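[1] Sharing a model that was predicted from the sequence below.
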Amino acid sequence: MERPTDAFKETHNLVVADEDTYVGGQVSNLQVAELIGCMANNRRAAYCKVVEVVAETTAPLLPMEQLLSAIPSKREPPADDQEEVKSEPRTYPSSPAGDEAAAKAAERPLSPYTRFVDLKPPSSPSSSSSSSSVTQDAPGHASSSPALDPNAN
């Protein structure tokens, strides 16, 4: 059986059931990741639930919160006042130094080639290898090949 890809989500909808309900089945990694993300965002809806996930072509497309609400929890969720204390997000005053740094970073070009005048971008490799290239002899040494000798007629 072939592993499902992310495109599997376009043709198959999730079915969530109690643990050990289905025998076999497939689901894509993307669908499982989205379900885990939904469970992380809605802890109360996913509290102490053990689920089995399968993707089917005949399943209706339902919100994940609704799929999770159909599964009973193994324990009762804690009271609202004990669960989490949500605090206001902190806002920090912007400093003038931070504004200057942001403006300076915006002016700077993103390419490293503009920093060095003589630096050129890399070019594609040549088709000839270095072992087949012609090497020149040092001056004063006799060449073994007459075609490479500059003094030859």
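    Ah, there it is.
[2] Next, count neighbours for residue 67.
    For residue 67, the neighbour count with other CB atoms under 10 Å is 20. Just so you know, the C-beta spots here come from the backbone N, C-alpha and C atoms, and that holds for glycine as well.
[3] which ones are touching it?
    Residue 67 makes contacts with 14-16, 35, as judged by CB atoms under 8 Å, 6 or more residues apart in numbering.
[4] Helix or strand: which one has the closest residue to residue 56 other than its chain neighbours?
    Of all residues not flanking residue 56 in the chain, residue 15 sits nearest, at 5.3 Å (CB to CB, 6 or more residues apart in numbering). Here residue 15, judged by DSSP states H and E, is contained in strand 13-18.
[5] mean confidence for that strand?
    Taken as a whole, strand 13-18 has an average pLDDT of 88.
[6] With stretch 79-87 instead?
    When pLDDT is averaged over stretch 79-87, the result is 55.
[7] Okay, and residue 40 sits in which element?
    Counting by DSSP H and E, the element that carries residue 40 is helix 29-41.
[8] in that helix, what's buried?
    If you call a residue buried by 16 or more other CB atoms under 10 Å, then helix 29-41 has these buried ones: 31, 35, 38-39.
[9] can those residues go into JSON lines with extra columns for distance to residue 58 and pLDDT?
    Formatted as JSON lines, the buried residues of helix 29-41 follow (distance: CB to CB, whole Å; pLDDT from 0 to 100):
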{"residue": "31", "distance to residue 58": "16", "pLDDT": "89"}
{"residue": "35", "distance to residue 58": "19", "pLDDT": "91"}
{"residue": "38", "distance to residue 58": "22", "pLDDT": "91"}
{"residue": "39", "distance to residue 58": "24", "pLDDT": "90"}
